[in-house]
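Novice: One predicted model, sequence on top.
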Amino acid sequence: MAEEPILLLQMQRMGDLILSFPLALWLSRLFPGRPVHIVAEDAFFRPLLPVSPHVAYISWRDAAAGGLSGRRYRLIVNLSIREEAARLAGELAAEERLGPVRGPDGVLRILGGWQLYRAGLVNQGRHNRFHWADLNALDIVPADMLRRTSFDPPRAPRNDGERIVGLFVGASEPGKRPAAAFSAALARGLVDRGLMPVLLGGPADLPVAEAVRKASGLALANLTGKLSLTELAEYGRRLSLLITPDTGPMHLAAWTGLPTLNLSVGHVNPWDTGPYQPGHLALRSSASCARGCWTCRRAGCPCRSAMAPGPVAALAALLLKGPRERLSRVRLPGLDLFETARTAEGLYALRRLGPERAPGAADLVGEFWRHFFLWRIDGRLAWDPVAVAWGALAAAFPRLAESAGRSLPRLGRTVAEITHGRAAPPDAAPPFWRPLASFLEMEGRNRDADAAWVRGSLELLELLAGLCG
């Protein structure tokens with residue numbers, strides 16, 4: 001009898017599909033001999049076949065037409081937010097399910113603590129420290145497998161005299177990319193430093209690329225709209241570096257080993273969706289509002305205006321013409337430069353580059369919530385790292401810790417609202433506690449605020465009150 005396969009539902013954009021590749025590899029090791037199937041959009045998976053893990057793809061069109069009916073699966077993991085994906089996950093026969101599932105009773109449940117955590121990040125991702133690719137996996141892949149996993153570092157820049165730098169000018173939304181004037185000035189800065197910029201993008205990015213070319217005043221090579229994804233991956237072998245906003249091609253570059261500098265602008269967060277493999281770079285505004293927003297609410301989009309083309313061109317030249325260790329001395333006022341790395345648990349991390357400095361409040365708050373949710377959701381990890389992270393925060397920023405402690409009782413009101421079936425928007429909770437308020441709101445709704453959830457939530461508040469003591 002054939003082994004029941006594993007089924008992933010990933011009907012989001014190309015970048016999301018690429019970020020599910022690590023999960024596909026882990027599942028093939030976790031369930032040896034079982035085939036892994038992925039339901040995805042044809043337009044995204046077909047061009048990625050040459051670089052994809054060894055899985056069987058099924059088009060959403062065929063799946064929607066009943067192509068999966070009559071088969072039983074060992075595991076279904078729904079990584080999509082689409083309603084039709086939740087219904088499909090509930091209709092198919094499976095031993096185990098994770099992610100959003102619309103059951104026979106018509107009720108939507110999100111199965112898996114980490115899938116629930118991710119759903120709670122909407123508009124509340126300011127202090128998130130877990131990458132999407134890890135969140136895909138944490139509910140099912142054992143911790144020791146994550147720790148043992150290593151990825152190849154980005155390949156060394158070509159040493160044949162050419163220093164070709166790809167400038168990807170597009171993004172899924174205009175707010176997620178630099179303006180054309182920025183890219184034009186960046187291209188001039190690269191040329192001034194002996195580098196050869198090439199404009200890249202998809203067919204929809206042709207007007208942006210043309211605006212960049214005209215504004216630059218240079219005879220720039222322009223391959224925008226001329227390369228398929230397969231050809232882009234192959235052309236990437238000629239590049240020394242790709243400078244790109246948060247896009248699907250950015251994830252393709254990182255997956256294939258092309259050194260990547262992510263210009264993280266707009267309503268994206270490099271902790272959520274930066275280049276996943278270790279050794280790539282991400283540049284982000286140090287403005288407070290730039291930490292995990294989902295929509296920009298400030299005039300002028302400070303995270304874009306903070307990024308000047310001259311320093312970015314200088315950074316690219318330094319990266320390609322000198323040892324990487326020199327990046328530790330780079331000063332970029334108004335910007336934070338990170339290198340993608342791994343934590344002791346084997347999870348994604350961003351390591352700040354530049355002159356050494358003490359961790360800021362945002363760093364310590366993020367670290368506290370990272371340890372807290374590892375303890376809270378995993379269920380097997382010790383409380384001690386949470387207490388240590390709180391102690392570091394309280395020692396460095398006592399007024400912040402004292403304020404958080406005083407506001408904790410207000411979080412209790414959030415639990416009471418959920419218990420009585422009333423709306424409890426996380427924004428109503430004190431700012432420090434909003435990550436937990438959002439998680440509890442999702443969890444309470446998911447469990448119909450049953451007695452065990454109420455009891456566990458109150459015990460959690462009591463534990464936190466003792467910590468804030």
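Specialist: Yep, that arrived.

Novice: Can you read off the backbone torsions of Leu68?
Specialist: phi -100, psi 0 (degrees, to the nearest 10).

Novice: wait, what's in contact with the spatially closest residue to it that is not a sequence neighbour?
Specialist: Using C-beta to C-beta, 6 or more residues apart in numbering and skipping the chain neighbours, the partner closest in space to Leu68 is Leu92 (5.9 Å). C-beta here means a position set from N, CA and C on the backbone, and glycine is covered the same way. Contact partners of Leu92, counting by C-beta atoms under 8 Å, 6 or more residues apart in numbering, are 7, 68-69, 71-73, 76.

Novice: pLDDT score assigned to Leu92?
Specialist: Looking at Leu92, its pLDDT reads 96.

Novice: in the sheet, who's paired with Phe168?
Specialist: Leu200 (DSSP bridges).

Novice: Would you check that it makes contact with Met250?
Specialist: Yes - the criterion here is C-beta atoms under 8 Å, and Phe168 meets it with Met250 at 7.0 Å.

Novice: so what's in contact with these two at the same time?
Specialist: Applying C-beta under 8 Å, 6+ apart, one finds that Phe168 and Met250 are jointly contacted by 242, 244.

Novice: Just give the number of residues close to Val122.
Specialist: 12 (other C-beta atoms under 10 Å).

Novice: and it, what element?
Specialist: Assigned by DSSP states H and E, Val122 belongs to neither a helix nor a strand.

Novice: I figured Tyr276 was touching Asn136, is that so?
Specialist: No - checked against C-beta under 8 Å, the pair Tyr276 and Asn136 is beyond contact range at 10.4 Å.

Novice: The two: which has the busier surroundings?
Specialist: Just comparing Tyr276 and Asn136: by other C-beta under 10 Å the higher neighbour count belongs to Asn136, 27 against 21.

Novice: what sits against that one?
Specialist: 19-20, 22-23, 77, 79.

Novice: And the strands in the stretch 201-350 of the chain, which stretches?
Specialist: 221-222, 241-244, 260-264, 281-285, 335-342, 348-352 (DSSP state E, counting those that start in this stretch).

Novice: Need those strands in CSV (columns: distance to Gly15 and mean pLDDT).
Specialist: Output for the strands of the stretch 201-350 of the chain, formatted as CSV (distance: least, C-beta to C-beta, whole Å; pLDDT from 0 to 100):
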stretch, distance to Gly15, mean pLDDT
strand 221-222, 23, 96
strand 241-244, 11, 97
strand 260-264, 12, 96
strand 281-285, 14, 93
strand 335-342, 15, 94
strand 348-352, 15, 96
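
Novice: Kindly reformat those strands as JSON lines containing distance to Pro431 and mean neighbour count.
Specialist: Putting those into JSON lines (distance: least, C-beta to C-beta, whole Å; neighbours: other C-beta atoms under 10 Å) gives the following:
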{"stretch": "strand 221-222", "distance to Pro431": "45", "mean neighbour count": "16"}
{"stretch": "strand 241-244", "distance to Pro431": "32", "mean neighbour count": "28"}
{"stretch": "strand 260-264", "distance to Pro431": "23", "mean neighbour count": "27"}
{"stretch": "strand 281-285", "distance to Pro431": "20", "mean neighbour count": "23"}
{"stretch": "strand 335-342", "distance to Pro431": "21", "mean neighbour count": "20"}
{"stretch": "strand 348-352", "distance to Pro431": "22", "mean neighbour count": "18"}
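
Novice: export those strands to CSV and tack on distance to Val101?
Specialist: Shown next, in CSV, are the strands of the stretch 201-350 of the chain (distance: least, C-beta to C-beta, whole Å):
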stretch, distance to Val101
strand 221-222, 46
strand 241-244, 35
strand 260-264, 32
strand 281-285, 33
strand 335-342, 31
strand 348-352, 26
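
Novice: any idea how far the residue nearest to Leu68 is from Pro53?
Specialist: Leu92 sits at a distance of 22 Å from Pro53 (criterion: C-beta to C-beta, to the nearest Å).

Novice: Below-threshold pLDDT in the stretch 51-200 of the chain: ranges please.
Specialist: For the stretch 51-200 of the chain, the stretches with pLDDT under 70 are 158-161.

Novice: same thing but at 80, please
Specialist: 157-162 (pLDDT under 80).

Novice: which stretches of it form strands?
Specialist: Going by DSSP E, counting those that start in this stretch, the stretch 51-200 of the chain shows strands at 56-59, 72-78, 93-102, 108-111, 164-168, 196-200.

Novice: ditto for the stretch 351-469 of the chain
Specialist: Under DSSP E, counting those that start in this stretch, the stretch 351-469 of the chain gives no strands.

Novice: Regarding stretch 317-337, how distant is the last residue from the first?
Specialist: In stretch 317-337, first residue to last residue: 15 Å (C-alpha to C-alpha, to the nearest Å).

Novice: With mean neighbour count added, can I get the strands of the stretch 51-200 of the chain in CSV?
Specialist: Shown next, in CSV, are these (neighbours: other C-beta atoms under 10 Å):
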stretch, mean neighbour count
strand 56-59, 16
strand 72-78, 21
strand 93-102, 19
strand 108-111, 18
strand 164-168, 25
strand 196-200, 24
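
Novice: In TSV, list these along with distance to Pro333.
Specialist: TSV is the format used below for those (distance: least, C-beta to C-beta, whole Å):
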stretch	distance to Pro333
strand 56-59	46
strand 72-78	43
strand 93-102	42
strand 108-111	42
strand 164-168	23
strand 196-200	24
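
Novice: and Leu319, which of those is closest to it?
Specialist: strand 164-168 (9.8 Å; C-beta to C-beta).
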